[in-house]
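S.K.: predicted model, plus sequence, below.
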Amino acid sequence: MTLDQIKQISIREYLGAKGIKPTKENEYRGIYHSPLRIDNNASFSVNYIQNVFFDHGIGTGGSIIDLVSRLESCSIGEAIKRLETDCFSFHRKEIVSNKNEGKLTQAIKIINLTTLTNPILLNYLKSRYIDTQIAKLFCSEIHYSVNEKTYFAIGYKNDSGGYELRNKYFKGCTSKDITSIMTGQNNCLLFEGFMDYLSYLTIKRLIDPIKSDIIILNSISLVKHVIEKIPVYQQISCFLDNDNAGFQAIGILQKKYGHIILNKSIHYGEYNDLNDFLCGKKMKQKVNPVFHK
């Protein structure tokens, strides 16, 4: 990786991977409690467009390299090496951010689609306690380019023929749509994202096909896309996030279809989503994986 490519690694995604979330943000900037010191006033800002940070409490800032050097107490050279090793071929989320209508700020071009074997991607799945053998059955390794730069990610196909893309530092897609796995059953399992689906399979230790139809929203905003599919089912079990958007989606479905909509998120009510439940990561608490209980 060149120095410019390393500097494009998203500070926002880097902090997010460490569990550091903004206290408030918009599409241009995020305000955080400083990860570099005790900060009760949330005086650490990240410019998402320029991909730089500034800590107002100590009057210093810089690039992702400067942040890693300070946060991990290492030299600039060591920070660069760590970013090259851990973030190889990952890119800034903002470069290829998608809107719900499916428009791309910059087009993603798929170069190659292969079996999921890259150790960096497999380690990412392991960090989220996903069974990698199960993941290999449903996911692919996608190599793609943006502005003539190449990257790779875990890919999961949607109904439009596009792919949901994930790696440790990036969450995006080539086009936005739901994913349907239809087996002709009279019941359906509804998931918010494919990581939730893989978490469900891991928890259940299921490799054989589930005796249910499966719908993965891939975005909570696409719940309207499944409304016309619901009348064919006698029951729909919903595994959505325990947040306002998830609650609103359940409310919309239950208001229209009543008792056939089952809210399964109550079974992991102390967790944000099904993957956090798998990891044992309660809201605002430390990780305690479910398999270790």
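M.R.: Cool, the structure landed.
S.K.: C-alpha only now, for contacts and for neighbours.
M.R.: Noted.
S.K.: does the residue nearest the centre of the chain count as helix, strand or coil?
M.R.: When CA atoms, centre = their mean is applied to the chain, the residue found nearest the centroid is residue 171 (5.0 Å). Under DSSP: H, G, I helix; E, B strand; the rest coil, residue 171 falls in the strand class.
S.K.: quick one, what contacts the closest residue to it other than its chain neighbours?
M.R.: Of all residues not flanking residue 171 in the chain, residue 165 sits nearest, at 5.9 Å (CA to CA, 6 or more residues apart in numbering). Going by CA atoms under 8 Å, 6 or more residues apart in numbering, residue 165 touches 142, 153-156, 171-174.
S.K.: helices of this protein, residue ranges please.
M.R.: 3-7, 11-17, 64-71, 76-86, 119-127, 132-138, 194-204, 244-257, 274-279 (DSSP state H).
S.K.: nearest approach to residue 56 belongs to which of those?
M.R.: Closest to residue 56 of those, according to CA to CA: helix 64-71, at 13.8 Å.
S.K.: pLDDT (mean, whole number) over that closest one?
M.R.: The pLDDT scores in helix 64-71 average 92.
S.K.: flag every buried residue along it.
M.R.: 64-70 (16 or more other CA atoms under 10 Å).
S.K.: any stretches of this protein with poor pLDDT?
M.R.: Residues of the chain that meet the criterion pLDDT under 70 lie in 1, 85-106, 206-209, 284-293.
S.K.: quick one: list the elements packing against the top strand by length along it.
M.R.: The residue-count maximum for a strand in the chain (DSSP state E) belongs to strand 149-157. Applying 3 or more CA pairs under 8 Å, 6 or more residues apart in numbering; DSSP states H and E, we find strand 149-157 packed against strand 140-146, strand 163-167.
S.K.: most tightly surrounded among these?
M.R.: Across those, averaging neighbours per residue (mean count of other CA atoms under 10 Å) puts strand 163-167 on top, at a mean of 22.
S.K.: angle of that one against helix 194-204?
M.R.: 70 degrees (axes from the mean of the first three to the mean of the last three CA atoms, to 10 degrees).
S.K.: how far off centre is strand 163-167?
M.R.: 8 Å (CA atoms, centre = their mean, to the nearest Å).
S.K.: alpha carbons of it, as CSV, please.
M.R.: The C-alpha coordinates for strand 163-167 follow below in CSV (Å, rounded to 0.1, in the frame of the first residue of the first chain):
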residue,chain,number,x,y,z
TYR,A,163,-23.5,-7.9,-3.4
GLU,A,164,-23.5,-6.7,0.2
LEU,A,165,-19.8,-6.1,1.1
ARG,A,166,-18.2,-6.4,4.5
ASN,A,167,-14.8,-6.4,6.0
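S.K.: quick one, it and strand 149-157 angle?
M.R.: 120 degrees.
S.K.: sorry, back to before: in the sheet, which residues pair with the residue nearest to residue 171? Tell me.
M.R.: residue 155, residue 172 (DSSP bridges).
S.K.: residue numbering should commence at 20 henceforth.
M.R.: Sure, I'll start numbering at 20, so the last one becomes residue 184.
S.K.: roughly how far apart are the residue nearest to the centre of the chain and residue 235?
M.R.: Going from residue 190 to residue 235 by CA to CA, to the nearest Å gives 16 Å.
S.K.: try residue 184
M.R.: Taking CA to CA, one finds residue 184 at 14 Å from residue 235.
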